[in-house]
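Colleague: mind folding the following:
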Amino acid sequence: MTDMWTGEKVRLRGVEPEDWEGFHDLARNTLDVRSADLVEPPRSAEGFRSWTAERAGRQPGGAAFRLVVEGLADRTFAGSVTVGETDARAGRFRTGIEIAREHRRKGYAAEAIQLVLTYMFAEQRHHKCEVEVYAFNDASLALHRRLGFVEEGRLREHEYFAGAYHDVVLLGITADEHWARHQRPSVR
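Modeller: Numbering: from 1, shown residues only. Below you'll find the model as predicted:
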């Protein structure tokens, strides 16, 4: 790792205006209900261009942010990772990850989540990360469990899309649990 935002396979970077096509492709892939985060009407190319340009102009960091997951091997847009619902008093935050279909099963999601956890625990002094995963999303559940997240609850029939209600599994990991598995950053 060369810096806090770069791993062996991916680099996390700010959103650039030209990333609109990558976000457009991610949205098209969410029509696959097995991985859908939200089913909504199609957005125009111009809608994606303006949405991405607005995000590219935002200041970095803050209580909520989105970063692009870029594959190091070919410097391509591989997905995005978000941080939100931060609670500075309680030391909690939520994260989410979305990887483009052609980049899945390469370790990109795991590494991107680890980079975000390291930043939020080491630099922002948060204590706990939470995620919500659809109960039918076996791949995402397995990924988060492999990273050390622990199931904390289930919201039954919590989300509605594609004509049915779906359970949501709540998972969490504390800073201590993360550091038990990963080396803390060093200035040396």
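
Colleague: surely Gly91 and His127 touch.
Modeller: Yes. Counting by Cβ atoms under 8 Å, Gly91 touches His127, with 3.4 Å between them. C-beta: built from backbone N, CA, C; applies to glycine.

Colleague: got the contact list for Arg145?
Modeller: Contacts for Arg145 (Cβ atoms under 8 Å, 6 or more residues apart in numbering) come out as Glu151, Leu171.

Colleague: so what pLDDT did it get?
Modeller: Reported pLDDT at Arg145 in the predicted model: 97.

Colleague: surely Ala64 and Asp87 touch.
Modeller: No. If you go by Cβ under 8 Å, Ala64 and Asp87 don't touch, sitting 11.6 Å apart.

Colleague: that older thread, more neighbours: which of Gly91 and His127?
Modeller: Gly91 (17 against 14; other Cβ atoms under 10 Å).

Colleague: next one: that one from Leu67, what distance?
Modeller: Here Gly91 is placed at a distance of 21 Å from Leu67 (Cβ to Cβ, to the nearest Å).

Colleague: just Glu123 next, same as before
Modeller: 14 Å.

Colleague: which one's more surrounded, those two?
Modeller: Leu67 (21 against 11).

Colleague: could you point out which element follows the helix or strand of the chain with the lowest mean pLDDT?
Modeller: Within the chain, no helix or strand scores below helix 20-29, which has a mean of 87 by mean pLDDT, DSSP states H and E. Next along the chain after helix 20-29, taking DSSP states H and E as the criterion, comes helix 45-56.

Colleague: using CSV, list the CA coordinates for stretch 111-118.
Modeller: Extracted C-alpha coordinates of stretch 111-118, given in CSV (Å, rounded to 0.1, in the frame of the first residue of the first chain):
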residue,chain,number,x,y,z
GLU,A,111,-10.2,-4.0,-0.3
ALA,A,112,-12.3,-0.9,-0.8
ILE,A,113,-14.2,-1.6,2.4
GLN,A,114,-11.0,-2.2,4.3
LEU,A,115,-9.6,1.1,3.0
VAL,A,116,-12.7,3.0,4.1
LEU,A,117,-12.7,1.3,7.5
THR,A,118,-9.0,2.2,8.1
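
Colleague: distance from the chain centre to stretch 154-171, please.
Modeller: The chain centroid and the centroid of stretch 154-171 are separated by 19 Å under Cα atoms, centre = their mean, to the nearest Å.
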